[in-house]
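Asker: fold the following for me, if possible:
(one chain, ligands or ions: 1)
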Amino acid sequence: MTKTRVLVLNSGSSSVKYQLLDMRDSSRLAVGLVERIGEHTSRLSHTAFTARQTREQTGPIADHEAALKAVAEELARDGLGLDSPELAAIGHRVVHGGRTFTEPTVIDDAVLDEIERLIPVAPLHNPANLTGIRTAMALRPDLPQVAVFDTAFHTTMPESAARYAIDVRTADRHRIRRYGFHGTSHAYVSRATAKLLGKAPEDVNVIVLHLGNGASASAVRKGRCVETSMGLTPLEGLVMGTRSGDLDPAVIFHLARVGGMSVDETDTLLNKESGLVGLCGDNDMREIRRRVDEGDEEARLAFDIYVHRLKKYIGAYNAVLGRVDAIAFTAGVGENSAPVREAAVAGLEELGLAVDGDLNAVRSGEPRLISPPGTRVAVAVVPTDEELEIATQTYALVAGTG
Ligand code: ADP
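Answerer: This next block holds a predicted model:
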């Protein structure tokens with residue numbers, strides 16, 4: 001029997017998201033989510049498209065091992081179990097691959113050790129990713145398991161973009177540099193944008209704006225990332241749902257000296273209590289727009305700060321790339337918020353950028369152009385699909401090995 005299925009696992013600290021795909025036509029066979037692992041109110045929701053079934057269970061799921069076993073049972077109930085001979089591999093999302101992992105990688109002991117060695121630069125994410133991998137390996141030790149890294153697409157950034165201007169020895173000792181994140185999305189969307197233009201990725205320069213709850217921009221020259229807005233951690237860059245993005249690092253000293261705040265308190269402030277939520281109390285762009293339309297000044301200012309930052313990055317990445325063929329909006333806000341897209345591009349006609357009001361208002365799950373015909377730079381909405389990208393990269397690596 002041909003092995004054409006790939007299970008994609010995204011293991012967070014208290015959740016596991018999964019999708020089972022058939023790579024013959026990239027179709028989804030099943031998707032699901034286990035939340036609140038380790039609590040009494042854990043919840044597993046599972047949808048099998050093959051059986052047109054959605055099931056939910058609540059109740060304690062103690063740890064990742066129990067979570068994955070529950071997922072395996074759900075899949076088995078729909079005839080899609082982990083023991084299926086059609087399963088080719090499991091693809092794992094791993095947040096931080098440092099400088100080591102520039103490509104998707106088949107996981108062995110050495111790879112596990114290296115992901116572990118990177119924990120100091122990704123203390124929140126890599127431990128959870130590792131737990132997911134180890135559990136999956138214990139369940140199916142014979143099956144190829146592949147790590148697909150959020151940072152990998154950005155490893156092509158030149159040193160001039162990847163280095164901070166701090167003492168080189170200190171930076172190297174602590175592996176401080178700009179790694180970038182959301183790379184799987186930036187890779188997928190930049191290629192899909194080239195396709196939308198009817199061109200090969202090598203023939204276009206694209207600015208990708210991944211605007212979800214986390215948000216990042218990237219400049220992609222001829223298919224290779226040359227700059228991105230997130231840095232050592234996902235805190236740098238754009239204004240996000242709860243993260244501040246760029247700020248003068250001296251704000252942190254000031255908060256410590258004058259505000260008496262500890263490192264952990266400042267970490268929480270900047271990662272969880274800043275960005276849109278810090279500015280106006282809401283981090284959902286739908287709610288913010290509703291408030292703006294009602295004349296709420298706080299929401300208006302939050303929106304304006306969000307868009308102002310976005311515009312600065314669009315301008316900067318125009319300078320980095322020299323020539324831009326397309327700007328692609330993606331993720332929750334980028335795919336759905338016409339006002340954000342319109343405001344981000346407003347006034348940039350000199351850069352060849354414009355948005356057509358009618359095209360921008362269209363709601364669709366398909367990649368589409370929203371710039372008026374004939375403008376020099378294409379402005380596009382390109383839905384991201386990180387799971388499909390992980391499955392595609394995983395399958396490309398293992399196809400033919402079984
Ligand atoms: P993440 O994967 O980073 O959690 P998503 O890419 O799913 O985030 O984006 C979530 C965000 O997208 C929400 O917080 C909300 O601000 C925004 N969003 C989702 N749907 C809409 C919509 N219809 N209009 C405007 N914004 C939306």
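Asker: going by C-alpha atoms from here, please, whenever you check contacts or count neighbours.
Answerer: Will do.
Asker: host element of residue 225?
Answerer: strand 224-228 (DSSP states H and E).
Asker: packing partners of that strand?
Answerer: helix 159-162, strand 215-221 (3 or more CA pairs under 8 Å, 6 or more residues apart in numbering; DSSP states H and E).
Asker: what helices or strands is the shortest one leaning on?
Answerer: Going back to what we said before, that points to helix 159-162. Judged by 3+ CA pairs under 8 Å, 6+ apart, the packing partners of helix 159-162 are strand 224-228.
Asker: partner strands of the strand it packs on, with direction?
Answerer: Note on strand 224-228: by DSSP bridges, its sheet partners are strand 215-221 (antiparallel).
Asker: now the strand it pairs with: average pLDDT?
Answerer: For strand 215-221, mean pLDDT is 98.
Asker: before we move on, what about stretch 393-402?
Answerer: 82.
Asker: same question, stretch 100-111
Answerer: Here the average pLDDT along stretch 100-111 is 96.
Asker: show me how far it is from its chain's centre.
Answerer: Centre-to-centre, stretch 100-111 and its host chain are 19 Å apart (CA atoms, centre = their mean, to the nearest Å).
Asker: list the buried residues of that stretch.
Answerer: 101, 102, 103, 104, 105, 106, 107, 111 (16 or more other CA atoms under 10 Å).
Asker: out of the helices and strands packed on strand 224-228, which is closest to the ligand?
Answerer: Comparison of the helices and strands packed on strand 224-228 against the ligand by CA to the nearest ligand atom identifies strand 215-221 as nearest, at 7.0 Å.
Asker: which other residues reach that closest one?
Answerer: For strand 215-221, contacts defined as CA atoms under 8 Å, 6 or more residues apart in numbering pick out 181-182, 186, 190, 202, 204-210, 225-230, 237-240, 313, 317, 320-321.
Asker: now, of the residues you listed, which are buried?
Answerer: Among those, the ones that count as buried by 16+ other CA under 10 Å are 181-182, 186, 190, 204-210, 225-230, 237-240, 313, 317, 320-321.
Asker: now do the end-to-end distance for stretch 292-302.
Answerer: Separation of the first and last residues of stretch 292-302 by CA to CA, to the nearest Å is 10 Å.
Asker: oops, could you answer that again for stretch 313-327 instead?
Answerer: 12 Å.
Asker: same question, stretch 118-132
Answerer: Terminal residues of stretch 118-132 lie 16 Å apart, using CA to CA.
Asker: do the same with stretch 70-89
Answerer: Terminal residues of stretch 70-89 are spaced 19 Å apart (CA to CA).
Asker: I'd like the mean pLDDT over it, please.
Answerer: 93.
Asker: likewise for stretch 367-383?
Answerer: Mean pLDDT, stretch 367-383: 96.
Asker: could I have that stretch exported to PDB, CA atoms only?
Answerer: Taking C-alpha atoms only, stretch 367-383 is exported to PDB below (Å, rounded to 0.1, in the frame of the first residue of the first chain):
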ATOM      1  CA  PRO A 367      -5.600  33.900  -3.000                       C
ATOM      2  CA  ARG A 368      -6.600  37.100  -4.800                       C
ATOM      3  CA  LEU A 369      -5.400  40.500  -6.000                       C
ATOM      4  CA  ILE A 370      -6.800  43.700  -4.400                       C
ATOM      5  CA  SER A 371      -4.800  46.300  -6.300                       C
ATOM      6  CA  PRO A 372      -6.400  48.000  -9.300                       C
ATOM      7  CA  PRO A 373      -5.400  46.500 -12.600                       C
ATOM      8  CA  GLY A 374      -2.300  48.100 -14.000                       C
ATOM      9  CA  THR A 375      -0.600  49.200 -10.800                       C
ATOM     10  CA  ARG A 376       3.100  48.600 -10.700                       C
ATOM     11  CA  VAL A 377       3.100  46.500  -7.400                       C
ATOM     12  CA  ALA A 378       0.500  43.800  -6.900                       C
ATOM     13  CA  VAL A 379      -1.300  43.900  -3.600                       C
ATOM     14  CA  ALA A 380      -2.600  40.500  -2.700                       C
ATOM     15  CA  VAL A 381      -4.500  38.600   0.000                       C
ATOM     16  CA  VAL A 382      -3.000  35.100   0.300                       C
ATOM     17  CA  PRO A 383      -4.400  32.800   3.000                       C
END
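Asker: same question for that stretch: list its buried residues.
Answerer: Neighbour-count burial for stretch 367-383, counted by 16+ other CA under 10 Å, picks out 367-372, 376-383.
Asker: for stretch 46-59, same thing?
Answerer: Applying 16+ other CA under 10 Å to stretch 46-59 flags 46, 47, 48 as buried.
Asker: quick one, what contacts the second one?
Answerer: Yep, that's residue 47 we're talking about. 30, 31, 32, 53, 54, 55.
Asker: ok so, going back, of all the helices and strands packed on strand 224-228, which one is nearest residue 153?
Answerer: strand 215-221 (9.8 Å; CA to CA).
Asker: ok, is the closest one in contact with the ligand or not?
Answerer: No. Against the ligand, strand 215-221 shows no contacts by CA under 6 Å from any ligand atom, the least distance being 7.0 Å.
Asker: list the contacts of the closest residue in space to residue 342 that isn't next to it in sequence.
Answerer: Distances taken as CA to CA, 6 or more residues apart in numbering put residue 355 closest to residue 342, at 6.2 Å, once the chain neighbours are dropped. Listed by CA under 8 Å, 6+ apart, the contact partners of residue 355 are 341, 342, 345, 346, 370, 371, 372, 379.
Asker: between these, which is nearest the ligand?
Answerer: Distance ranking of the contacts of residue 355 against the ligand, using CA to the nearest ligand atom, places residue 341 first at 10.5 Å.
Asker: using the three-state scheme, assign the closest one.
Answerer: The three-state assignment at residue 341 reads helix, by DSSP: H, G, I helix; E, B strand; the rest coil.
Asker: correct me, but it touches residue 330?
Answerer: No. In this structure residue 341 lies outside contact range of residue 330 using CA atoms under 8 Å: 10.2 Å.
Asker: out of the contacts of residue 355, which sit inside strands?
Answerer: residue 379 (DSSP state E).
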